[in-house]
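*Asks:* Below are the sequence and a predicted model; questions follow.
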Protein chains: 2
Amino acid sequence: MSTRLLIVEDDENLRETLADFLELEDFIVEQAATVAEAKPILESATIDLAVLDIMLPDGDGYELSQWIRNQSIETRILMLTARGLEKDVVEGFESGADDYVSKPYRSKELLMRIKALLRRPVAVVETNTIEINGRTVDWRSMTAKYNDDELHLTSRAFSILKLLLEHKNEVLSREAILDACWGKDVYVDNRTIDNFISNLKKQFDLTHDNSYYIKSVRGVGYCLMNERKNT
Amino acid sequence: MSTRLLIVEDDENLRETLADFLELEDFIVEQAATVAEAKPILESATIDLAVLDIMLPDGDGYELSQWIRNQSIETRILMLTARGLEKDVVEGFESGADDYVSKPYRSKELLMRIKALLRRPVAVVETNTIEINGRTVDWRSMTAKYNDDELHLTSRAFSILKLLLEHKNEVLSREAILDACWGKDVYVDNRTIDNFISNLKKQFDLTHDNSYYIKSVRGVGYCLMNERKNT
DNA sequence: AGGCTTATGACAAACCCATGACAATTCCTT
DNA sequence: AAGGAATTGTCATGGGTTTGTCATAAGCCT
């Protein structure tokens, strides 16, 4: 797993020195001297971290940083610049930078800052939890909680609950539930489902005066209702 | 959504000043003057970012930072300290910090750095050692200790423990565990896994009344549970 | 061979969950 | 509107499956 860095800096001497140093640390280093050169490299979406100088021949680092964020390009941004006044630093962060280092930089410190940024995920973590009548359901760990006490749900109960949620506000016949949660060629009494539904109702309080509730449709099956409330 | 910060700093004057400043920015600010005071607050797992001083009456910020990472407490760490030599900065990052600011700090810059850290998800740090229910596991040396006596763990036990940790709070089927720890084309009885799990449970006391515990999911597999906050 | 790791078998314990029973509800017929 | 039939809610239970754990055999590396 190789990590790709991009250095945007117009002073060739400085850029090469830094690139050499970082390559020794096993990074793959791309280089750009201008904003125009940098953009296509960033658009290739393979850069894990970009080191930006402020003053560039055809623009400045703040604009480039903002451009990166506006494009939703997923990369970390470290500003490396001679301007160390507080207002410069603040402007750097405001343009979307993750870190700001003033020149002359101390190479070991810069390396540590780069590594610290790379430790942090770029993407936002997706949530695997859903809330039903105040209970929190976590599909990954197959747990459900109501104010810190765990509800007891078996894997079959989970699969039924999931099916109902995937088809909320839609009536599901007992046959459909059986097919989906037990399998097509399994021979089980329909009444078994009623027990699971009863259990779910009890644990999640799926009664009519809650925002989620289960409606039973006589002769057909069940329907998980979710009325959205007026806000 | 309120963001909670923790300031660990023994100089009361400085701490209060910083706290007031950050409260004006709508953060909820907790305070601690010592390592001993800080730990229980961090363990409550509600701190989004901790500002650590280095010199504390009963320890130092580096140790506290390492402790946070070893405990797998999910928080960002910003070191704020009078020691600005490069080796101090490097040591700060090596102990797991996400940012390092030297005193005297510039308040607007500090604020921007705090916000920059909060913009991103919490860092994933691979530490050499991790703590599970009071046992210390060292991945490099493949050893585990409980108050100075070594636990006996075989390499296969280690690989299963590691897999469970990498997927904590996620149910792993026996097949998935086999594929990951034995290999795709190895045919081993599923019950073998149960024995290793049983052994791990015994050695690490992975019972339900501990912060780490193994949940068995009937018909599916196992899940290493570890309390975490909902985001 | 010998020590250590790992796989398997065996047995008890725990746990689902499918089913039946009965009460409660709904629907339909009259 | 009332009675009856069908359907659903829910509890209790037994059987069968799955899991916890110990004991033992099979590999495996020196």
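*Replies:* That came through fine. Being a predicted model, the structure only gives us computed values, none of them experimental.
*Asks:* Spell out the secondary structure type for whatever residue of chain A ends up closest to DNA strand C.
*Replies:* Using Cβ to the nearest atom of the strand, residue A:189 is the residue of chain A that sits closest to DNA strand C, at 2.7 Å. To be clear about C-beta, it is placed using only N, CA and C from the backbone, and glycine gets the same treatment. What DSSP: H, G, I helix; E, B strand; the rest coil gives for residue A:189 is coil.
*Asks:* And residue A:69, by the same measure?
*Replies:* helix.
*Asks:* Surely it and residue A:96 touch.
*Replies:* Yes: contact criterion Cβ atoms under 8 Å: residue A:69 and residue A:96 qualify, at 4.0 Å.
*Asks:* Between the two, tell me which one has more neighbours.
*Replies:* The neighbour count for residue A:69 versus residue A:96, taken as other Cβ atoms under 10 Å in any protein chain shown, is higher for residue A:96 (18 against 14).
*Asks:* what pLDDT does the more buried one get?
*Replies:* According to the prediction, residue A:96 has pLDDT 92.
*Asks:* now the one 4 residues further on
*Replies:* Residue A:100 is assigned a pLDDT of 96 by the prediction.
*Asks:* Also residue A:225?
*Replies:* 94.
*Asks:* and if you look at residue A:124?
*Replies:* 62.
*Asks:* Going along the chain, name the strands of chain A.
*Replies:* Using DSSP state E, the strands of chain A run over residues A:4-8, A:28-32, A:49-52, A:55-56, A:59-60, A:76-81, A:99-102, A:129-132, A:135-138, A:143-146, A:149-151, A:172-173, A:212-217, A:221-226.
*Asks:* pLDDT averaged over the fifth one - what is it?
*Replies:* Averaged across strand A:59-60, pLDDT comes to 90.
*Asks:* Could you list the residues of chain A in contact with chain B?
*Replies:* Within chain A, the positions near chain B by Cβ under 8 Å from any Cβ of the partner chain are A:86, A:89-90, A:93-94, A:97-100, A:106, A:108-109, A:112-113, A:115-116, A:119-125, A:127, A:129, A:136, A:138, A:140-143, A:154-155.
*Asks:* again, only this time at 7 Å
*Replies:* A:86, A:89-90, A:93, A:97-99, A:106, A:108-109, A:112-113, A:115-116, A:119-121, A:124-125, A:127, A:129, A:136, A:140-142, A:154-155 (Cβ under 7 Å from any Cβ of the partner chain).
*Asks:* Can you tell me which of those residues are buried?
*Replies:* A:89-90, A:93, A:97-99, A:109, A:112-113, A:116, A:119-120, A:136, A:141-142 (16 or more other Cβ atoms under 10 Å in any protein chain shown).
*Asks:* neighbours around the residue nearest to residue A:186 when sequence neighbours are not counted, how many?
*Replies:* Spatial nearest neighbour of residue A:186, excluding adjacent residues (Cβ to Cβ, 6 or more residues apart in numbering or on different chains): residue A:178 at 6.9 Å. Residue A:178 has 19 neighbouring residues, counting by other Cβ under 10 Å.
*Asks:* among the buried ones among the residues of chain A next to chain B, which are in helices?
*Replies:* A:89-90, A:93, A:109, A:112-113, A:116, A:119 (DSSP state H).
*Asks:* Could you list the low-confidence segments of chain A?
*Replies:* Chain A contains residues with pLDDT under 70 at A:1, A:123-127, A:227-231.
*Asks:* Try it again at 50.
*Replies:* A:229-231 (pLDDT under 50).
*Asks:* got the residues of it near DNA strand C?
*Replies:* A:152, A:154-157, A:182, A:187-189, A:191-192, A:195, A:218 (Cβ under 7 Å from any atom of the strand).
*Asks:* can you do 10 Å?
*Replies:* A:152-160, A:178, A:181-182, A:186-196, A:198-199, A:216-219 (Cβ under 10 Å from any atom of the strand).
*Asks:* So which of those residues sit within helices?
*Replies:* A:155-160, A:178, A:181, A:191-196, A:198-199.
*Asks:* and which of the residues you listed is nearest residue A:37?
*Replies:* residue A:158 (52.4 Å; Cβ to Cβ).
*Asks:* what about that closest one, neighbour count?
*Replies:* Residue A:158: 20 neighbours (other Cβ under 10 Å).
*Asks:* Who are the contact partners of it?
*Replies:* Each residue near residue A:158 by Cβ atoms under 7 Å, 6 or more residues apart in numbering or on different chains is listed here: residue A:142.
*Asks:* if I look at it, how far off is residue A:152?
*Replies:* Remark: distance between residue A:158 and residue A:152 (Cβ to Cβ, to the nearest Å) = 11 Å.
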